[in-house]
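Colleague: Next one to model:
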Amino acid sequence: MCGIYALFQKGYVDFKERVKDVGVLLNHRGPDSLGHTLINIPNTFEHILLVHTRLQINGNSSSQPIKNAGGTIYLIINGEIFNWHKLEEELDYTCTQSDCEIIIPLYEKYRETPNVIFEKLSGQFSFVLVDLEERKVLVGRDHIGVTPMYVCKSEKSVVFTSEVKTVTSYNHDNVDDISVFFPRTYYTSSFDDIYEFNNINAIPYLSLKNYNSLNCEYTEKDDIEEIHSDINSLLTKSVESQLKDMLNNANGDFGVLLSGGLDSSLIASLVVKLSKDFGYDKKIKTFSIGVNKDSPDLKAARIVADFLGTEHYEYYFSIKEGLENIKDVIWYVESYDCTTVRASTAMYLLTKKINENHSRIKVLFSGELSDELLCYLYGANAPNDDAFQDETVQLVSNVHYFDCLRANKTCMANSLEVRVPFTDLEYVKYILSLHPKYKRFGNGVIEKKVLRDSFKGYLPDEILYRVKDQLSDGVSGFDEEFNWIDNLKKYTDGMYTESEFQKLKKDFTYVIPKTNEELYYRIIFSELFSKKSDMAEYTIKRWVPKWSNTLDPSGRKQSFFIESTKNK
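Modeller: Okay, here's the model as predicted:
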């Protein structure tokens, strides 16, 4: 993955200085090269600046923007296209610079029907394409939002960028609006019209075009064995598509983030199995983290690693180390959401240690989105099938604010690309289309049973049927001294008196803090992003478990977890 920044500007800007500053701010997303192009639009005072920081995975060492043969189309992209070989055959085109290069001939063939472009792409991506001949721009984001994308507007400029810090760091930019560029959408416009909208926050409703929808109606299927076979086949196919380019890749190695939970363990199992099938003779590297060797995640991960025969590494972080890194975590993930910060700290520290100790690793496989597709632990309290289904669709639709944001940004903070096979569109739509009766749980039925039963034999039963622990919970011990979340709450509870809390929270009008912990994160966020922190209304949401009698988002506080583990 990479970092992108596209500036459409009326009037003068010190473009040389801007390239330098953006390059520094996005370097963690792409340390292998910094590329840029300044386009002066003829007969106007308008300019287009394209900046790209590259983490090289496929292709040669050239930097972006990528151009077509005629030099009239420019592309900057953050992401990977997993079906690029298939598209090469279809378009009679050979990519040399990057797998993402395939978007240019795809655009040249289907520029009049951009919806087709996105229907044909399988991958995780955010990109900006500039067509000088047609005087048009095409901007798009993948169907789940694995890679981040924001759109920002000031009086004389429009910016599309991987991270909002590239905008908020410029005090002289009179930024009016900052918004998430939504997944499953694209934006196309002429150069002349791109400045014309009055409120960027209206764009999702007025100008962005949907190329896909996740509002799947569930269908009746009675053959459970067929369902298990379909789930196994679709997830296997997804891992295969994301893995094959990494085998014997000269540009870097890969590994798997292994928490020891069901989802990461299944991905690890499939990566190991498929690597062997492809004749890959090296051991797969797996990585885990916890507060000490007795953390539930580490104990489970050891079982998985031993069963699969991986080259396993486990790392530890102290409560003190976690607390000391909170500010850096918020800077990189660009969120103050409580659950996001808690879990991001562990993932940030893990990928930091991987980066420091395994310099050839560039890609990590991970298990995000499986929870959303099957409704987390609080889904046990869903009142009926339709409510369960609606909540899963809502969770998947919003995962770009939470787990996918966390995974991408904590990995990229340490120049590592994350790949998430559970986000494959065919797999996602299949799971969403299943009748809730196959997905609901409680009353003695474990969560994700339909997924677990689809992969019998792939993992030891104690892992295959392990009750979910959220990342921020699983890295902790259950005792007070080593419990990451309890120590976070204890640390922040002493920061503000009740009167101070009531006074300080009045500074915020959106996602108003409810606890000292939330207030602490919000204040850090505001300090890091200055007065532009009002962007929070359009870039950040609070993760709240539904049908729950606790305000704390920890999975261990949910009734299903308590009931499932009280006798263990």
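
Colleague: Look up how far residue 436 lies from the residue lying closest to residue 135 once chain neighbours are set aside.
Modeller: Counting by C-beta to C-beta, 6 or more residues apart in numbering, the nearest residue to residue 135 once its immediate chain neighbours are dropped is residue 191, at 4.8 Å. Where you see a C-beta, it was placed from the backbone N, CA and C, and this is true even at glycine. Distance, residue 191 to residue 436, by C-beta to C-beta, to the nearest Å: 47 Å.

Colleague: before we move on, back to that, verify the stated contact: the residue nearest to residue 135 with residue 41.
Modeller: Yes: under the criterion of C-beta atoms under 8 Å, residue 191 makes contact with residue 41 at 6.0 Å.

Colleague: Mind checking which of these two has more residues around it?
Modeller: residue 191 (19 against 16; other C-beta atoms under 10 Å).

Colleague: Now list whatever residues contact both of residue 191 and residue 41.
Modeller: Applying C-beta atoms under 8 Å, 6 or more residues apart in numbering, one finds that residue 191 and residue 41 are jointly contacted by 48, 135.

Colleague: and the residue nearest to residue 135, backbone torsions?
Modeller: Main-chain torsions, residue 191, degrees, to the nearest 10: phi -60, psi -40.

Colleague: Look at it and report its pLDDT.
Modeller: pLDDT recorded at residue 191 is 86.

Colleague: nearest spatial neighbour of residue 144, skipping sequence neighbours?
Modeller: In space, and not counting its chain neighbours, residue 144 is closest to residue 423: 4.4 Å by C-beta to C-beta, 6+ apart.

Colleague: That neighbour and residue 391, how far apart?
Modeller: According to C-beta to C-beta, residue 423 stands 18 Å off from residue 391.

Colleague: The two: which has the busier surroundings?
Modeller: Between residue 423 and residue 391, residue 423 has the larger neighbour count (other C-beta under 10 Å), namely 27 against 19.

Colleague: Tell me if I'm right that the more buried one and residue 124 touch.
Modeller: Yes: using C-beta under 8 Å, residue 423 makes contact with residue 124 at a distance of 6.8 Å.

Colleague: what's the overlap in contacts for those two?
Modeller: In contact with both residue 423 and residue 124: 144, 146, using C-beta under 8 Å, 6+ apart.

Colleague: Looking only at whichever strand or helix holds residue 411, what residues are buried by neighbour count?
Modeller: Element membership for residue 411 (DSSP states H and E) is helix 403-412. Burial within helix 403-412, assessed by neighbour count using 16 or more other C-beta atoms under 10 Å, is assigned to 403-412.

Colleague: At the geometric centre of the chain, which residue sits there?
Modeller: A centroid search over the chain (C-alpha atoms, centre = their mean) returns residue 404, at 2.6 Å, as the residue closest to the centre.

Colleague: residues near the closest residue to that one other than its chain neighbours, how many?
Modeller: Nearest residue to residue 404, sequence neighbours excluded (C-beta to C-beta, 6+ apart): residue 146, at 5.2 Å. Residue 146: 28 surrounding residues under other C-beta under 10 Å.

Colleague: Likewise for residue 119?
Modeller: Neighbours around residue 119, by other C-beta under 10 Å: 13.

Colleague: Just to be sure, it is in a strand?
Modeller: No: remark: residue 119 does not belong to a strand; assigned using DSSP: H, G, I helix; E, B strand; the rest coil, it is helix.

Colleague: Isn't it up against residue 186?
Modeller: No: under the criterion of C-beta under 8 Å, residue 119 makes no contact with residue 186, lying 10.9 Å away.

Colleague: Spit out the residues that contact those two alike.
Modeller: Shared contacts of residue 119 and residue 186, defined by C-beta under 8 Å, 6+ apart, comprise residue 211.

Colleague: May I have stretch 72-80 exported as CSV, CA atoms only?
Modeller: The C-alpha trace of stretch 72-80 is given here as CSV (Å, rounded to 0.1, in the frame of the first residue of the first chain):
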residue,chain,number,x,y,z
THR,A,72,-2.5,12.2,-21.0
ILE,A,73,-3.7,10.0,-18.1
TYR,A,74,-2.1,10.2,-14.6
LEU,A,75,-2.9,7.7,-11.8
ILE,A,76,-2.0,7.7,-8.1
ILE,A,77,-3.3,4.8,-6.1
ASN,A,78,-3.1,3.3,-2.6
GLY,A,79,-3.8,-0.4,-2.6
GLU,A,80,-3.6,-3.7,-4.5
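
Colleague: Tell me the buried residues in that stretch?
Modeller: Across stretch 72-80, burial judged by 16+ other C-beta under 10 Å covers 73-80.

Colleague: Redo these as TSV? Include secondary structure, pLDDT and distance to residue 508.
Modeller: Putting the buried residues of stretch 72-80 into TSV (DSSP: H, G, I helix; E, B strand; the rest coil; pLDDT from 0 to 100; distance: C-beta to C-beta, whole Å) gives the following:
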residue	secondary structure	pLDDT	distance to residue 508
73	strand	97	43
74	strand	98	40
75	strand	98	39
76	strand	98	34
77	strand	97	35
78	strand	97	30
79	strand	94	33
80	strand	96	37
